[in-house]
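Chemist: give the three-dimensional model of this entry:
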Amino acid sequence: MGQKRRKFSAEFKLDTVMEGLRGQKSIAQICRERDITEPLYYQWKQRFEERVLEIFADERQRKPATEGEVQRVAELERMVGRLTMEVEILKKAKTWLDTQRVRNGQ
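Modeler: Reported below is the predicted structural model:
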């Protein structure tokens with residue numbers, strides 16, 4: 001009968017890796033206290049180091065927008081412009097209607 005695999009939360013993995021990076025305890029001690037194997041710790045640490053760079057990556061180095069994305073942004077900008085004009089027209093109409101009511105004594 002095989003052992004059931006344990007699942008660890010992202011917080012547990014992060015806490016474990018960060019504790020190891022602080023260097024206040026040996027990796028062996030951390031693994032004993034947390035009941036994990038050293039290879040598992042180093043696997044988590046490697047994944048952490050690979051992905052942490054993405055957080056601080058320069059946004060300008062991201063892939064350029066695709067033609068579809070450019071068209072979608074242009075469409076949304078046109079929609080925003082049209083809606084802005086509609087709002088301005090409705091504001092003017094409301095102002096005009098309010099002045100008409102005042103003139104008519106309502």
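Chemist: distance from the chain centre to stretch 3-14, please.
Modeler: Remark: stretch 3-14 is offset 23 Å from the chain centroid, using C-alpha atoms, centre = their mean, to the nearest Å.
Chemist: in PDB, list the C-alpha atoms belonging to it.
Modeler: Extracted in PDB, the C-alpha atoms of stretch 3-14 (Å, rounded to 0.1, in the frame of the first residue of the first chain):
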ATOM      1  CA  GLN A   3       1.800   6.500   1.000                       C
ATOM      2  CA  LYS A   4      -0.600   9.300   0.300                       C
ATOM      3  CA  ARG A   5       1.000  12.400  -1.000                       C
ATOM      4  CA  ARG A   6       0.800  15.400   1.200                       C
ATOM      5  CA  LYS A   7      -0.200  18.800  -0.200                       C
ATOM      6  CA  PHE A   8       1.400  22.000   1.000                       C
ATOM      7  CA  SER A   9      -0.100  25.500   0.700                       C
ATOM      8  CA  ALA A  10       1.700  28.200  -1.100                       C
ATOM      9  CA  GLU A  11       2.100  30.100   2.200                       C
ATOM     10  CA  PHE A  12       3.800  27.100   3.700                       C
ATOM     11  CA  LYS A  13       6.200  26.700   0.800                       C
ATOM     12  CA  LEU A  14       7.000  30.500   0.800                       C
END
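Chemist: for that stretch, which positions count as buried?
Modeler: residue 13 (16 or more other C-beta atoms under 10 Å). Every C-beta, even on glycine, is put in place using the N, C-alpha and C of the backbone.
Chemist: ok, now stretch 34-42?
Modeler: Buried residues in stretch 34-42 (16+ other C-beta under 10 Å): 36, 41.
Chemist: just the CA coordinates of that stretch, formatted as PDB?
Modeler: C-alpha atoms of stretch 34-42 as PDB (Å, rounded to 0.1, in the frame of the first residue of the first chain):
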ATOM      1  CA  ARG A  34       8.700  21.100   8.900                       C
ATOM      2  CA  ASP A  35       8.700  17.400   8.200                       C
ATOM      3  CA  ILE A  36       9.900  17.700   4.600                       C
ATOM      4  CA  THR A  37      12.800  16.300   2.700                       C
ATOM      5  CA  GLU A  38      15.800  18.400   1.700                       C
ATOM      6  CA  PRO A  39      15.300  17.700  -2.100                       C
ATOM      7  CA  LEU A  40      11.800  19.000  -1.800                       C
ATOM      8  CA  TYR A  41      13.000  22.200  -0.100                       C
ATOM      9  CA  TYR A  42      15.600  22.700  -2.900                       C
END
